[in-house]
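**Student:** all I have is the shape, not the residue letters:
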Ligand code: CIR
């Protein structure tokens with residue numbers, strides 16, 4: 001169970017952050033509403049939400065998931081693949097140092113937290129435009145000290161690995177069709193999002209509920225029919241910035 005989440009309030013510059021999708025200009029007021037709905041939902045699910053101050057100079061800094069990974073044993077500060085985002089890491093260290101011992105990824109490695117899926121003691125890192133082999137190796141080597149098994153895979157057709165694969169309980173993953181056959185996922189039960197609903201693979205498990213983006217009825221039906229309780233979250237503005245539900249927080253047990 002999670003007890004805390006570290007989030008960062010989106011700055012007004014957030015609507016000018018990095019994006020690869022062509023969904024139009026994000027509306028700041030609506031983006032804030034969607035962010036507050038998200039943090040409010042985490043609070044209702046029992047989490048102590050630690051909100052860090054907005055950072056105007058880093059438009060993407062509210063995607064806190066990308067700058068660190070947190071396990072019960074340690075927090076590892078990433079070295080983000082986008083140079084524009086690299087300075088965000090210094091801004092998260094104090095918040096994490098209160099809760100975990102810290103380790104760091106060092107150059108020339110690059111790695112975004114969005115490319116790291118940890119399910120119990122299994123760490124899967126996706127190689128992407130943001131995450132290179134050295135980044136994956138450095139993280140896996142740190143986590144092996146704590147008994148984590150490693151897998152490193154290529155990220156297919158998406159910004160991050162977790163755009164396409166997420167856990168919905170400790171044995172079950174929600175995946176896009178392209179990730180269904182990955183060898184390292186063979187031991188998991190997998191639900192596949194319907195064609196055309198690939199964005200809905202980015203869900204986040206919070207204490208027995210699955211938070212999912214609003215407007216993906218096929219995925220919602222699939223989850224509910226398999227016994228998962230869903231909460232729909234409006235994320236239109238966040239998706240315009242290439243973001244999803246996992247990247248809005250760092251969750252701590
Ligand atoms: C970026 O391009 O870095 C941000 N605009 C979006 C980051 C989304 N993070 C994630 O999926 N983990």
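**Tutor:** Nice, thanks for sending it over. As the structure is a prediction and not an experimental result, all values here were calculated from the model.

**Student:** neighbours of residue 208, how many?
**Tutor:** 11 (other CB atoms under 10 Å). (Glycine included, C-beta is placed from N, CA and C.)

**Student:** who touches the closest residue to it other than its chain neighbours in this structure?
**Tutor:** Computed as CB to CB, 6 or more residues apart in numbering, the closest residue to residue 208 that is not its neighbour in sequence is residue 229, at 6.9 Å. Going by CB atoms under 8 Å, 6 or more residues apart in numbering, residue 229 touches 208-210.

**Student:** show only the entries of the residues you listed found in helices.
**Tutor:** Among the contacts of residue 229, the subset assigned to helices under DSSP state H is empty.

**Student:** any chance of those residues in a markdown table, with distance to residue 163 and pLDDT too?
**Tutor:** Putting those into a markdown table (distance: CB to CB, whole Å; pLDDT from 0 to 100) gives the following:
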| residue | distance to residue 163 | pLDDT |
| --- | --- | --- |
| 208 | 24 | 96 |
| 209 | 21 | 98 |
| 210 | 16 | 98 |
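
**Student:** which among these gets closest to the ligand?
**Tutor:** Taking CB to the nearest ligand atom as the measure, the ligand lies nearest residue 210 of those, at 17.0 Å.

**Student:** which secondary structure elements does the helix or strand hosting residue 136 contact?
**Tutor:** Applying DSSP states H and E as the criterion places residue 136 in helix 133-144. Secondary-structure packing of helix 133-144 (3 or more CB pairs under 8 Å, 6 or more residues apart in numbering; DSSP states H and E): strand 74-77, strand 122-127, strand 149-154.

**Student:** if we use 6 Å, what do you get?
**Tutor:** Other elements packing on helix 133-144 under the criterion 3 or more CB pairs under 6 Å, 6 or more residues apart in numbering; DSSP states H and E are strand 122-127.

**Student:** list the buried residues in the strand it packs on.
**Tutor:** 122-127 (16 or more other CB atoms under 10 Å).

**Student:** same check on stretch 185-200?
**Tutor:** Those would be 185, 188, 190-193, 197-200, for stretch 185-200 by 16+ other CB under 10 Å.

**Student:** tell me which two of those sit farthest apart.
**Tutor:** Using CB to CB, the pair of these lying farthest apart is 188 and 199, separated by 20.9 Å.

**Student:** thinking again about what came up before, who does the residue nearest to residue 208 bridge with?
**Tutor:** residue 209 (DSSP bridges).

**Student:** and the pLDDT for it?
**Tutor:** Residue 229 is assigned 98 on the pLDDT scale.

**Student:** on that earlier part again, now pLDDT too, for the buried residues of strand 122-127, in CSV please.
**Tutor:** Formatted as CSV, those follow (pLDDT from 0 to 100):
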residue, pLDDT
122, 98
123, 98
124, 98
125, 98
126, 97
127, 97
